[in-house]
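Engineer: need the 3D shape of this:
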Amino acid sequence: MAAPLDVLVVGAGPTGLALAAQLRSYDTGFRIVDRSPDRVRESRALAIQPRTLEMLNGFGVTERLVERGNPAVQLRMHLPRGVAVQLPLFDIGFQDTPYPYLLFLSQAETERVLTEHLSQQDVPVERGTELLRLERESGLVKCRLRRRDGTEETVSARYVVGCDGAHSRVRSQAGIDFEGYAYPQTFLLADLEVDGLEQGAAHTFMTEIGMLFFFPLGSPATWRMLAMWPKDAPDTEVTLDLLQGVVDRYADERLVLRDPVWMTDFRIHNRGAVSHRAGRCFLAGDAAHIHSPAGAQGMNTGIQDALNLGWKLAFVCRGAAPGALLETYEAERAPIGHSVLRFTDRAFTIGTSHHPLIRLARARLAPRLAPLALRADGLRGRVFRTVSELGIHYRSSPLSTIGPRPPRKGPRAGDRLPDLPRGIQALAAAPGFHLLLAGPPRLWGDRRTGPLLHGREGLVSVHHLDTHNPWPDVAHGLVRPDGYLGYAALGTGSQGLHAYLDQWLPT
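Structural biologist: Numbers count the residues shown, from 1 in each chain. Predicted coordinates:
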């Protein structure tokens with residue numbers, strides 16, 4: 001039998017592909033399999049948040065995503081009688097990111113870019129390969145796989161990660177419950193062309209019977225249409241005529257739909273796994289949480305799950321970190337998943353409820369009050385930092401340690417490393433930990449850093465900051481491989497940092 005893998009990744013959607021890219025960057029032994037014979041061709045998820053673009057930048061794929069996407073920054077909110085209100089998106093509170101926009105790009109294109117990256121790294125994506133069952137045995141997980149030609153094989157892995165979606169085989173085989181409910185509404189989804197719709201913006205039509213959205217995609221079609229199936233509409237096959245009839249009911253303007261690439265109807269669920277881990281089996285993305293598309297959180301949360309977990313698996317598998325490092329995945333990502341479920345549920349309820357008061361507020365009050373509320377820079381900044389996921393932090397994580405003299409200004413332990421001054425994120429983008437030393441170079445030397453790095457060569461890179469200083473004082477911080485600060489302190493004293501490294505990167 002072949003030697004055990006370090007990691008078996010089950011599922012080759014955006015979450016699994018991102019995990020594979022990170023594992024490859026650490027030369028971890030893994031395979032990635034997916035039961036589908038090919039990657040998706042239709043655009044399910046449709047937008048990439050700024051934080052996701054930041055985290056993918058370390059693999060060199062972000063610029064390719066940006067080149068293929070549409071950084072739309074305006075929302076047209078259409079009111080009754082042909083009135084349209086223009087709302088700015090992502091125009092404030094984003095001075096600390098190189099990607100201050102929501103990038104509209106189909107899931108099909110996102111998967112294409114990630115798959116091309118893996119191919120260039122000589123990583124095959126084994127499509128048409130299904131996980132049948134798994135068994136935990138002697139510190140390994142034995143996995144039975146079946147290929148599209150019917151042949152089967154048994155693979156042993158130290159860890160298995162289920163990135164295999166809402167009907168996750170890994171989750172069911174690991175015995176992890178998936179709790180929640182389905183919403184009663186049915187939705188319509190299509191990628192197509194629309195005549196009469198202004199390009200370069202996202203559009204929403206808010207009415208008492210529901211909401212209609214058009215998002216700019218570019219590929220595989222110019223527009224993504226999303227609408228709630230009217231409650232009194234007949235239950236029939238989804239056709240272009242049906243979609244046109246729905247649009248005619250929602251929009252006062254004359255919009256003509258044509259040339260659909262694909263169209264479907266679907267139901268939305270709000271469900272979460274009771275745990276992100278069972279022994280040597282982990283869950284990420286839709287296998288761990290599914291919810292409404294409100295706020296474009298789903299794919300982004302999944303990719304960030306993967307990039308939180310991948311480096312931890314890599315360090316543990318190579319013996320550079322203790323097994324306790326893997327326990328921080330649940331501690332850090334489960335609260336994020338729960339928060340996304342709550343946020344999307346509230347937004348979905350407001351957007352779809354048939355309660356008379358909510359319908360009135362949605363159609364009459366919200367379109368008029370929203371522009372006034374969003375004129376407040378502070379409120380708009382907070383809202384957009386939440387939606388963009390730039391506000392995610394791990395301050396309460398076991399991996400976040402406040403030094404004996406925490407910085408009074410600038411990022412704290414558990415915070416994402418901001419790109420202020422511009423370029424510091426790129427400085428710390430390579431795989432591994434990054435030790436940032438702020439202050440005059442004469443204060444730092446081998447005498448101070450040498451003992452810290454002894455036995456950790458190749459795991460920690462040192463950067464003497466000059467213009468790239470996120471702190472106004474002499475300080476030092478340790479940036480984790482996923483771009484969050486694990487440790488931060490003022491001054492040049494290294495005792496606290498030494499203790500942190502001894503705990504998480506023991507020599």
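
Engineer: list the contacts for the nearest residue to residue 250 once chain neighbours are set aside?
Structural biologist: Counting by CB to CB, 6 or more residues apart in numbering, residue 250 lies nearest to residue 212, which is 4.0 Å off, once chain neighbours are set aside. All C-beta spots, glycine's among them, are computed from the backbone N, C-alpha and C. When contacts are counted by CB atoms under 8 Å, 6 or more residues apart in numbering, residue 212 touches 204, 205, 225, 226, 227, 228, 246, 247, 250, 251.

Engineer: what helix or strand is the closest residue to the last one other than its chain neighbours located in?
Structural biologist: When the adjacent residues along the chain are set aside, residue 251 lies closest to residue 205, with 5.0 Å between them (CB to CB, 6+ apart). Secondary structure here is read from DSSP states H and E; on that basis residue 205 sits in strand 202-207.

Engineer: tell me what that strand is packed against?
Structural biologist: With contacts taken as 3 or more CB pairs under 8 Å, 6 or more residues apart in numbering; DSSP states H and E, strand 202-207 sits against strand 74-78, strand 210-216, helix 240-250.

Engineer: so what strands line up beside it?
Structural biologist: Strands that pair with strand 202-207, judged by DSSP bridges, come out as strand 74-78 (parallel), strand 210-216 (antiparallel).

Engineer: is it correct that residue 98 is in contact with residue 63?
Structural biologist: No: using CB atoms under 8 Å, residue 98 is not in contact with residue 63, being 10.3 Å away.

Engineer: neighbour count: those two, which is higher?
Structural biologist: residue 98 (16 against 12; other CB atoms under 10 Å).

Engineer: does that one count as helix, strand or coil?
Structural biologist: Secondary structure, DSSP: H, G, I helix; E, B strand; the rest coil: residue 98 is coil.

Engineer: that one and residue 54, how far apart?
Structural biologist: The gap separating residue 98 from residue 54 is 7 Å, by CB to CB, to the nearest Å.

Engineer: tell me which stretches of the stretch 251-400 of the chain form strands.
Structural biologist: Remark: strands assigned in the stretch 251-400 of the chain by DSSP state E, counting those that start in this stretch are 256-273, 277-278, 281-283, 289-290.

Engineer: mind checking how far the third one is from the chain centre?
Structural biologist: Put plainly, it is strand 281-283. Centre-to-centre, strand 281-283 and its host chain are 17 Å apart (CA atoms, centre = their mean, to the nearest Å).

Engineer: for the most centrally placed residue in the chain, what are its contacts?
Structural biologist: Residue closest to the mean C-alpha point of the chain, counted by CA atoms, centre = their mean, is residue 300 at 2.1 Å. Residues near residue 300 by CB under 8 Å, 6+ apart: 47, 48, 49, 51, 52, 389.

Engineer: so which of those belong to strands?
Structural biologist: Counted as lying in strands by DSSP state E, out of those, are 47, 48.

Engineer: follow-up on the earlier one: and of the strands of the stretch 251-400 of the chain, who's closest to residue 401?
Structural biologist: With respect to residue 401, and counting by CB to CB, the nearest of the strands of the stretch 251-400 of the chain is strand 277-278 at 22.7 Å.

Engineer: who are the packing partners of the closest one?
Structural biologist: Where contact means 3+ CB pairs under 8 Å, 6+ apart, strand 277-278 is packed against helix 324-352.

Engineer: leaving out chain neighbours, which residue sits closest to residue 133?
Structural biologist: Excluding the flanking residues, the one nearest residue 133 by CB to CB, 6+ apart is residue 144, at 5.0 Å.
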